[in-house]
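J.: Compute the structure for the input listed below.
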Amino acid sequence: MSSGAAPRLRALQRHLGSSEGRGMELVSSPLTTHVLDTASGLPAQGLCLRLSRLEDHGQQWTELRKSYTDSDGRCPGLLPPGPMKAGTYKLSFDTEGYWKKRGQESFYPYVEVVFTITNETHRFHVPLLLSPWSYTTYRGS
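T.: Residues are numbered from 1 along each chain as shown. Down below sits the predicted model:
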């Protein structure tokens with residue numbers, strides 16, 4: 001393999017989620033997210049997000065983690081390896097801060113994705129496709 005092809009191959013493997021080229025922390029986390037800036041066609045690097053869980057019989061959100069997306073738009077290690085506790089979770093994305101850093105006006109100041117975990121042994125992937133005027137999310141694989 002040529003010297004220029006190896007870094008490109010590693011970058012592609014990271015982007016596609018290959019276990020080769022990324023740390024075990026990514027592979028072991030039961031919850032992952034990937035944010036893509038559909039306006040630029042690139043990963044959304046540096047977007048602040050918070051993970052919370054609903055506690056006290058549905059009365060209070062408890063923040064579990066605050067983090068930022070990496071250069072690939074991913075947020076490694078949202079949760080420690082192992083099963084997730086069953087319950088209702090929320091990923092809050094600071095979209096206003098992301099767009100302001102880019103000098104772009106936007107419609108949504110934040111995006112909150114609330115989801116319920118019933119099977120603690122499954123892995124969960126929550127992608128976010130983002131533009132200044134819209135967003136889409138779904139349960140990924």
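J.: For residue 103, grab phi and psi.
T.: phi 70, psi 30 (degrees, to the nearest 10).
J.: Residue ranges in the protein under the pLDDT threshold?
T.: 1-27 (pLDDT under 70).
J.: quick one, strands of it?
T.: In the chain, the segments counted as strands under DSSP state E are 31-37, 42-43, 48-55, 60-68, 87-93, 111-117, 124-130, 135-137.
J.: Looking at the ones you listed, which is nearest to residue 77?
T.: Closest of those to residue 77 is strand 60-68, at 7.8 Å (criterion: CB to CB). For glycine as for every other residue, the C-beta is placed from the backbone atoms N, C-alpha and C.
J.: Dump the closest one to CSV, keeping only the CA atoms.
T.: In CSV, the C-alpha atoms belonging to strand 60-68 read as follows (Å, rounded to 0.1, in the frame of the first residue of the first chain):
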residue,chain,number,x,y,z
GLN,A,60,-36.1,15.0,37.2
TRP,A,61,-33.4,14.8,34.5
THR,A,62,-30.0,13.8,35.7
GLU,A,63,-27.1,14.8,33.5
LEU,A,64,-24.7,11.8,33.0
ARG,A,65,-22.2,13.3,30.6
LYS,A,66,-21.3,16.5,28.8
SER,A,67,-19.1,16.1,25.7
TYR,A,68,-18.2,17.4,22.2
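J.: Touching it from outside, list them.
T.: 46-55, 75, 77-79, 90 (CB atoms under 8 Å, 6 or more residues apart in numbering).
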